[in-house]
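Engineer: the amino acid sequence is not available; the structure is as follows:
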């Protein structure tokens, strides 16, 4: 059963976020994650929701998703994301 990490991002420091974006795909791939979408081309439709960026990552299982985002490799990069963005995220299972 697939699990998806859906992330809403508001960018506060583009340079630091760019560094994070250069480095994080290798970690996602190491844990068998696959980017479904990574885009700043977001068109608000309803509810006042207007994120700067949306990211959706698919994993084959919730266990793989948890292993990725709990890994030492990811936690080392998470500080860059936390410093450069304001994010909200959810996990959706099929």
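Structural biologist: Yep, that arrived. Here the structure is a predicted model, which means the values were calculated and not measured.
Engineer: just checking, what packs against the longest helix that the chain contains?
Structural biologist: Secondary structure assigned by DSSP state H gives helix 14-30 as the longest helix of the chain. Based on contacts counted as 3 or more Cβ pairs under 8 Å, 6 or more residues apart in numbering; DSSP states H and E, the elements that helix 14-30 packs against are strand 34-39, helix 62-69, helix 72-84. C-beta: built from backbone N, CA, C; applies to glycine.
Engineer: go through the helix or strand following the shortest one and flag the buried ones.
Structural biologist: By that I understand strand 34-39. Past strand 34-39, heading to the C-terminal end, the next element that is a helix or strand (DSSP states H and E) is strand 53-59. Taking 16 or more other Cβ atoms under 10 Å as the neighbour-count basis, strand 53-59 is seen to contain the buried residues 53-55, 57-59.
Engineer: out of the helices and strands packed on helix 14-30, the one nearest residue 27 is which?
Structural biologist: Comparison of the helices and strands packed on helix 14-30 against residue 27 by Cβ to Cβ identifies helix 72-84 as nearest, at 4.7 Å.
Engineer: by how many degrees do that closest one and helix 14-30 diverge?
Structural biologist: 160 degrees (axes from the mean of the first three to the mean of the last three Cα atoms, to 10 degrees).
Engineer: for helix 72-84, packing partners?
Structural biologist: The contact analysis (3+ Cβ pairs under 8 Å, 6+ apart) places helix 72-84 against helix 14-30.
Engineer: so how far is the helix it packs on from its chain's centroid?
Structural biologist: 10 Å (Cα atoms, centre = their mean, to the nearest Å).
Engineer: again, but for stretch 24-36
Structural biologist: From the chain centre to the centre of stretch 24-36 is a distance of 10 Å (Cα atoms, centre = their mean).
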